[in-house]
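# 3D model of this:
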Amino acid sequence: MESASVHSDRLRKAIERNRAKQARRSPSSSQAPASGYSSRATKPAARPAASRRTVARPDDVEFTTSIRKSPRKAPANVGYATSRSVVKTSPVKRRAKKKKTIKGQGFLLKLGWAFAGVLLVRLVFSGGGVLDYYERKELVDNKKAEFVSIGVENENLVGEIELIQNSAKYQRKLVRDHLGFIAKDEFLILFSKGKKTQAI
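Got it, this is the predicted structure:
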């Protein structure tokens, strides 16, 4: 609005200047026919050379004719109502998708746990597993103990063989214990059930 008012003021000033110049020129033209000389005899007055002024500022602009103002029309009412497209949302499908994803994740989780359980059971109960390891370890420990006992028994047998070969006393003891023979100077006493002892 301010720019329009400034523009109209400039137009008015330019029009007033133009009218003032025209008023200055009109008396000089009216005085020429009043003189005693005829218009044919007199030479026409030399007109000043038309010079084109360079417009540097808006205030220096001059208009020769009146400017018609175009009737201002009221601006048309612009409707800013935007068309809204109705989008049908389907929350049921979203829930179904969420349920499907949750079910899929749960199924994969259960499958992973089942696979881990199978591996654990196989690790414990299969051949070469934990139970088999402890059974074989116990068997190995028993074999080691048996080996040690056999070694001790072999040492005892070696000592006994040496006694049998070298000791007569030990030989008599073996004959008496295993074969039932006695020496001439020995007595054998037999005990029977419910009877008195008899000396032979």
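# what about the strands in the chain?
Taking DSSP state E as the criterion, the chain carries its strands at 189-190, 198-199.
# what's the least confident stretch among those?
For those, mean pLDDT drops lowest on strand 198-199, to a mean of 50.
# quick one, longest helix in this structure?
In terms of residue count, the longest helix belonging to the chain (DSSP state H) is helix 130-166.
# Summarise which helices and strands it is packed against.
Contact analysis of helix 130-166 by 3 or more CB pairs under 8 Å, 6 or more residues apart in numbering; DSSP states H and E lists helix 91-125, helix 168-174 as its packing neighbours. Just so you know, the C-beta spots here come from the backbone N, C-alpha and C atoms, and that holds for glycine as well.
# Distance to Arg12 and mean pLDDT added to these, as a markdown table?
Listed next are the helices and strands packed on helix 130-166 as a markdown table, based on distance: least, CB to CB, whole Å; pLDDT from 0 to 100:
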| stretch | distance to Arg12 | mean pLDDT |
| --- | --- | --- |
| helix 91-125 | 69 | 81 |
| helix 168-174 | 161 | 87 |
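# would you list the ones you listed in CSV and tack on distance to Gly151?
Shown next, in CSV, are the helices and strands packed on helix 130-166 (distance: least, CB to CB, whole Å):
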stretch, distance to Gly151
helix 91-125, 36
helix 168-174, 23
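# now these in a markdown table, with mean neighbour count and distance to Val140?
Converted to a markdown table, the helices and strands packed on helix 130-166 look like this (neighbours: other CB atoms under 10 Å; distance: least, CB to CB, whole Å):
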| stretch | mean neighbour count | distance to Val140 |
| --- | --- | --- |
| helix 91-125 | 10 | 20 |
| helix 168-174 | 12 | 38 |
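# right, so of those helices, which gets closest to Ala14?
helix 91-125 (70.6 Å; CB to CB).
# so that closest one versus helix 130-166, what angle?
Relative orientation of helix 91-125 versus helix 130-166 (axes from the mean of the first three to the mean of the last three CA atoms, to 10 degrees): 0 degrees.
# on contacts alone, who are the packing partners of helix 91-125?
Here helix 91-125 touches helix 130-166, going by 3+ CB pairs under 8 Å, 6+ apart.
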